[in-house]
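[1] Fold the following for me, if possible:
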Amino acid sequence: MLVAAAVCPCPPLLVPAVAAGAAAELDAARAACADAIGVLAAARPHRLIVGGPAQERARGPPPPGATGSFQGFGVDVAVQLGSGEAREGDLPVSLAVAAWLLERGQWAGPVEGLGVGEPLAPERCFEVGSELAVQAERVALLVMGDASACRTLKAPGYLDERAEPFDAEVARALGAADLPALKALDAELAYELKAAGRAPWQVLAGAAEGADLSGTLLYDEAPYGVGYLVAAWS
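    Predicted coordinates:
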């Protein structure tokens, strides 16, 4: 059963070495992510599952102890998802960021990963979430994903007037642990707005069905024109 969840954004810029001179601009986001992961630790789960958007070749569960790096972003920073023997796994970026956050938070419990395809249909997201929630007596989820990338003229997806209200509704739903609202997110609109978190959020909605969790929104900003949201459910 799902006992806690944390929702975090997954830009590589969360890793200070990647952000370099601009690292301080996301200090508040890093602090919020740390607080959210603290909620997971306080729930004492038997299993932590980390889910985040992934390209086709990285979808599904990575091998236990899979490794990743940020060399593609110009820095020699390596991470490992979970403990034990390190295995070459080429984690998707979202899970590599999650691994960095967990290492920063000195997470000591067992961790599993799941790369979620951005086009995954909502109904399948709900099914996946339901399957995850019954994998242990006490399950926690760390859900990685960005909101829209169309909030300003300089955003990766340019300015789209639909982006701000879309992000506002997602922020409200995550802060309220509003499962019907998360399930009702428009997959096509999310794709058009480059909101890669849509599928992972809907996996969370499926996992939380019947868990009666309450939510808290910890961070809601759009630096660089991309919506970054942090929430904790317990």
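
[2] Which other helices and strands does the one helix or strand Leu218 maps to contact?
    Using DSSP states H and E, Leu218 falls within strand 215-221. Helices and strands in packing contact with strand 215-221 are listed as helix 27-42, helix 163-176, strand 228-233; criterion 3 or more C-beta pairs under 8 Å, 6 or more residues apart in numbering; DSSP states H and E. From N, CA and C alone the C-beta is placed, and that goes for glycine too.

[3] For those, give me a markdown table that also has mean neighbour count.
    Converted to a markdown table, the helices and strands packed on strand 215-221 look like this (neighbours: other C-beta atoms under 10 Å):
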| stretch | mean neighbour count |
| --- | --- |
| helix 27-42 | 19 |
| helix 163-176 | 20 |
| strand 228-233 | 27 |
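
[4] Now tabulate those in TSV and tack on mean pLDDT and distance to Pro92.
    Below are these laid out as TSV (pLDDT from 0 to 100; distance: least, C-beta to C-beta, whole Å):
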stretch	mean pLDDT	distance to Pro92
helix 27-42	98	18
helix 163-176	98	21
strand 228-233	98	18
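
[5] Quick check: the most centrally placed residue in the chain vs Asp90, distance?
    Most central in the chain under C-alpha atoms, centre = their mean is Met144, positioned 0.7 Å from the mean C-alpha point. Relative to Asp90, Met144 is positioned 16 Å away (criterion: C-beta to C-beta, to the nearest Å).

[6] And for Arg57?
    In this view, Arg57 and Asp90 are 8 Å apart by C-beta to C-beta.

[7] And for Val3?
    From Val3 across to Asp90, the span is 31 Å (C-beta to C-beta).

[8] and Pro180, what does it touch?
    When the contact criterion is C-beta atoms under 8 Å, 6 or more residues apart in numbering, Pro180 has no partners at all.

[9] Which SSE is immediately downstream of the helix or strand that contains it?
    In this structure, Pro180 is located in helix 179-183 according to DSSP H and E. With elements assigned by DSSP H and E, the helix or strand that comes after helix 179-183 is helix 187-192.

[10] pLDDT on that next one, on average?
    What helix 187-192 shows for mean pLDDT is 98.

[11] Turn the helices and strands packed on strand 215-221 into a markdown table, including distance to Pro63.
    Formatted as a markdown table, those follow (distance: least, C-beta to C-beta, whole Å):
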| stretch | distance to Pro63 |
| --- | --- |
| helix 27-42 | 22 |
| helix 163-176 | 30 |
| strand 228-233 | 28 |
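
[12] for these, which one sits closest to Arg104?
    Between Arg104 and the helices and strands packed on strand 215-221, the tightest spacing by C-beta to C-beta is seen for helix 27-42, at 7.0 Å.

[13] And the next helix or strand past the closest one?
    From helix 27-42, the next helix or strand downstream (DSSP H and E) is strand 47-54.

[14] Show me the contact partners of that next one.
    Counting by C-beta under 8 Å, 6+ apart, the neighbours of strand 47-54 from elsewhere in the structure are 10, 40, 81, 92, 94-95, 97-99, 102, 107, 109-118, 132, 135-136, 138-145, 196-197, 199-200, 203-204.

[15] Have a look at Val3 and Asp90 and say which one is more surrounded.
    Higher neighbour count among Val3 and Asp90: Val3, with 21 against 12, using other C-beta atoms under 10 Å.

[16] Alright, calling it a day.
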